[in-house]
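Chemist: fold the following.
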Amino acid sequence: MTIPQQGKKIRVLVVDDSSFMRMAIKSILGRDPEIEVIGTAVDGIEGVEMAINLKPDIITLDVEMPRMDGIAALRLIMAKAPTRVLMVSTLTSEGASATFEALDAGAVDYIPKNVTDSVDSQAMFREELLRKVKGGIQSLFSSGGGASAGRGARVPRQPAKSKLAGARVNYVGIGTSTGGPVALQEVLSRIPVGFPHGIMVAIHMPKAFTGPFADRLNSKCSLQIREALDGDLLQPGLALIAPGGMHTRLEHQARGMVVRTAPTSDYPNYVYVPSVDLMLSSMAEATNGAMLGVILTGMGADGFKGMQCLKSKGGVTLAQDEATSTIYGMPRACAEGGVADEVLPLGQIGVEIARIAG
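Modeler: Residues are numbered from 1 along each chain as shown. Alright, predicted model coming up:
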C-alpha cells in the first residue's frame with residue numbers, strides 16, 4: 001500500500017449494501033476537492049473484486065451485508081489486495097464486536113454509522129468520515145507492519161537502562177485513539193496478574209463500544225479490565241476503560257482514587273470524547289505527579305496537554321514510536337513537544353510499564 005503522491009486525490013471505494021448509505025458516503029466524499037470516489041459496491045463479493053481491479057487508496061466497508069459480510073471481505077482484501085480499510089459500524093454491541101474483529105483482521109479504523117434525521121448526527125458523521133479517510137491515508141499501516149506489528153510479534157529487548165528507573169509511580173494513565181483497540185490489547189496483555197497499581201484508559205470511542213471493548217480486553221488479558229462507572233475506585237491490578245460519550249476525570253478522596261464521569265456539556269472546550277487531556281490532567285493533579293502517563297497511536301494531539309501537566313508535577317511519561325503507530329499524531333505531539341521521557345515501539349511498552357511501575 002502506498003500513500004498518494006502530493007497533489008493527487010485520495011481514491012476511495014465505497015462498499016455498502018444500503019443504497020442510502022452508498023449515496024450518503026459518496027456525496028460527502030465527492031464534495032471534498034481532495035477526494036475522488038472511484039466506485040461503489042453493493043456487497044462483500046463485489047467489493048473484493050473492485051478492490052483488486054481498481055486498487056483504491058482506501059475503502060469504506062460496511063460490516064453487515066448479504067452474500068459476503070464485511071469481515072469476510074476484509075480478510076480477502078488483505079490477502080489479495082492489501083488496502084487501508086475503514087469499517088462502517090452500527091452503534092450496537094453486535095456492531096462493536098464485529099468492529100473489533102475487523103480491526104484484528106487488519107482494518108485501520110472504523111466509522112460509527114449514526115446517520116439519522118438529526119442535523120447534528122449528520123454533521124458528526126460527515127466530519128468523522130472526512131477526518132478518518134484523510135487520516136487513514138497518513139497511516140503507516142501495512143499488511144506486514146504498522147499497527148499490526150505488535151500482534152504475535154517477538155517482544156523487543158528492553159533498553160539496557162530505562163530512563164524511568166526509580167520513578168514515583170502509583171497509578172498509570174493511558175490515552176489513545178485511531179489504532180488504539182489493537183495497541184491497547186498488545187500493551188495490556190503484557191502486564192501480569194498482581195500488577196500493583198491501578199490503570200485508567202481513555203480511548204476515543206462511542207458509548208456503545210466501550211463496554212464490549214472492555215469485555216473483549218478482559219477476556220484476552222491477565223489483568224482485570226472493565227468499563228468504568230462513576231464512583232469506581234481505581235485499584236491495584238485493575239484497568240478501567242473510560243466510558244464513551246462522556247468525559248472522565250479522577251479525583252483523590254479518603255478512600256483512594258475515584259472515577260468521576262461528566263456529560264460533554266460540562267467540558268465544552270474538549271473536542272475529543274472521552275478527552276485524554278482531561279483524564280491525564282486530572283490524574284496528574286490527584287496523584288501530585290506520582291504516576292506514569294502513556295500515549296499510544298492516534299490522530300490529532302489529544303493527550304499532549306495532559307502529559308504536559310503531568311511533567312510539570314514531576315511525573316514520568318511514555319509515547320509510542322512512529323514505526324509502530326497506526327497514526328503518529330498523538331504520540332508525535334508528545335515526542336516533538338518534549339513531554340515524552342521515552343519513545344518506544346508498541347511491543348515494548350507493556351513490558352516497560354510492568355517493569356517501571358511493578
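
Chemist: going forward, measure contacts between C-alpha atoms and count neighbours the same way
Modeler: OK.

Chemist: quick one: Ile356 from Pro196, how far?
Modeler: In this structure, Ile356 and Pro196 are 11 Å apart, going by CA to CA, to the nearest Å.

Chemist: burial count for Ala342?
Modeler: That one is not Ala; residue 342 is Glu. Other residues within reach of Glu342 by the criterion other CA atoms under 10 Å amount to 17.

Chemist: show me the beta-bridge partners of the closest residue to it other than its chain neighbours.
Modeler: Distances taken as CA to CA, 6 or more residues apart in numbering place Leu318 nearest to Glu342, at 5.0 Å, with adjacent residues excluded. According to DSSP bridges, the partner residues bridging Leu318 are Val294, Glu342.

Chemist: the worst-scoring helix or strand of the chain on mean pLDDT - contacts with which helices or strands?
Modeler: Taking mean pLDDT, DSSP states H and E as the measure, the helix or strand of the chain with the lowest value is helix 119-137, at a mean of 85. In terms of contact count using 3 or more CA pairs under 8 Å, 6 or more residues apart in numbering; DSSP states H and E, helix 119-137 is assigned the packing partners helix 19-30, strand 58-62, strand 84-90, strand 109-113.

Chemist: quick one: that helix to helix 19-30, angle?
Modeler: Put simply, helix 119-137 runs at 60 degrees to helix 19-30, going by axes from the mean of the first three to the mean of the last three CA atoms, to 10 degrees.

Chemist: kindly format the C-alpha coordinates of helix 119-137 as CSV.
Modeler: Taking only C-alpha atoms (Å, rounded to 0.1, in the frame of the first residue of the first chain), the coordinates of helix 119-137 have been written out as CSV:
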residue,chain,number,x,y,z
VAL,A,119,-28.8,17.6,11.7
ASP,A,120,-26.2,17.2,14.5
SER,A,121,-25.7,13.5,13.9
GLN,A,122,-25.4,14.0,10.1
ALA,A,123,-22.7,16.7,10.7
MET,A,124,-20.8,14.4,13.1
PHE,A,125,-20.9,11.6,10.6
ARG,A,126,-19.7,13.8,7.8
GLU,A,127,-16.9,15.3,9.9
GLU,A,128,-15.7,11.9,11.2
LEU,A,129,-15.9,10.3,7.7
LEU,A,130,-13.7,13.0,6.1
ARG,A,131,-11.3,13.1,9.0
LYS,A,132,-10.8,9.4,9.0
VAL,A,133,-10.5,9.0,5.3
LYS,A,134,-7.8,11.6,5.2
GLY,A,135,-6.2,10.4,8.4
GLY,A,136,-6.2,6.8,7.1
ILE,A,137,-4.1,7.8,4.2
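
Chemist: buried residues in that helix?
Modeler: Along helix 119-137, these residues count as buried under the neighbour rule (16 or more other CA atoms under 10 Å): Gln122, Phe125, Arg126, Leu129, Leu130, Lys132, Val133, Gly135, Gly136, Ile137.

Chemist: for Gly211, see how far away the residue nearest to Glu342 is.
Modeler: Counting by CA to CA - Leu318 and Gly211 are separated by 26 Å.

Chemist: ok, now Phe125?
Modeler: Counting by CA to CA, the separation of Phe125 from Gly211 is 21 Å.

Chemist: low pLDDT regions in the stretch 51-200 of the chain?
Modeler: By pLDDT under 70, the weakly predicted segments of the stretch 51-200 of the chain are 115-117, 138-163, 165-166.

Chemist: and with 90 instead?
Modeler: 64-67, 89-98, 108, 111-125, 127-128, 131-132, 134-168, 194 (pLDDT under 90).

Chemist: tell me where it has helices.
Modeler: Under the criterion DSSP state H, counting those that start in this stretch, the stretch 51-200 of the chain carries helices at the ranges 70-80, 93-105, 119-137, 180-188.

Chemist: next, count neighbours for the closest residue in space to Gly179 that isn't next to it in sequence.
Modeler: Counting by CA to CA, 6+ apart, Thr326 is the residue found nearest to Gly179 once chain neighbours are left out, at 5.3 Å. Burial of Thr326 is recorded as 31 neighbouring residues (other CA under 10 Å).

Chemist: what do you get for Ala41?
Modeler: Neighbourhood size, Ala41 [other CA under 10 Å]: 21.

Chemist: so what are the domain limits for the protein?
Modeler: 10-138, 166-357 (automatic domain parsing).

Chemist: return the most buried member of those domains.
Modeler: Mean neighbour count, computed with mean count of other CA atoms under 10 Å, is highest for domain 166-357 among the domains of the chain, reaching a mean of 21.

Chemist: and it, how far out from the chain middle?
Modeler: 11 Å (CA atoms, centre = their mean, to the nearest Å).

Chemist: try stretch 30-46
Modeler: Centroid displacement of stretch 30-46 relative to its chain, using CA atoms, centre = their mean, is 24 Å.

Chemist: repeat for stretch 97-104
Modeler: Taking CA atoms, centre = their mean, one finds stretch 97-104 lying 12 Å from the centre of the chain it belongs to.

Chemist: pull that stretch out as PDB, backbone CA atoms only.
Modeler: Output for stretch 97-104, consisting of C-alpha atoms alone and laid out as PDB, is shown next (Å, rounded to 0.1, in the frame of the first residue of the first chain):
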ATOM      1  CA  SER A  97     -17.900  -6.900  18.500                       C
ATOM      2  CA  ALA A  98     -17.700  -7.200  14.700                       C
ATOM      3  CA  THR A  99     -15.700  -3.900  14.500                       C
ATOM      4  CA  PHE A 100     -13.000  -5.200  17.000                       C
ATOM      5  CA  GLU A 101     -12.800  -8.400  15.000                       C
ATOM      6  CA  ALA A 102     -12.300  -6.300  11.800                       C
ATOM      7  CA  LEU A 103      -9.500  -4.300  13.500                       C
ATOM      8  CA  ASP A 104      -7.800  -7.500  14.500                       C
END
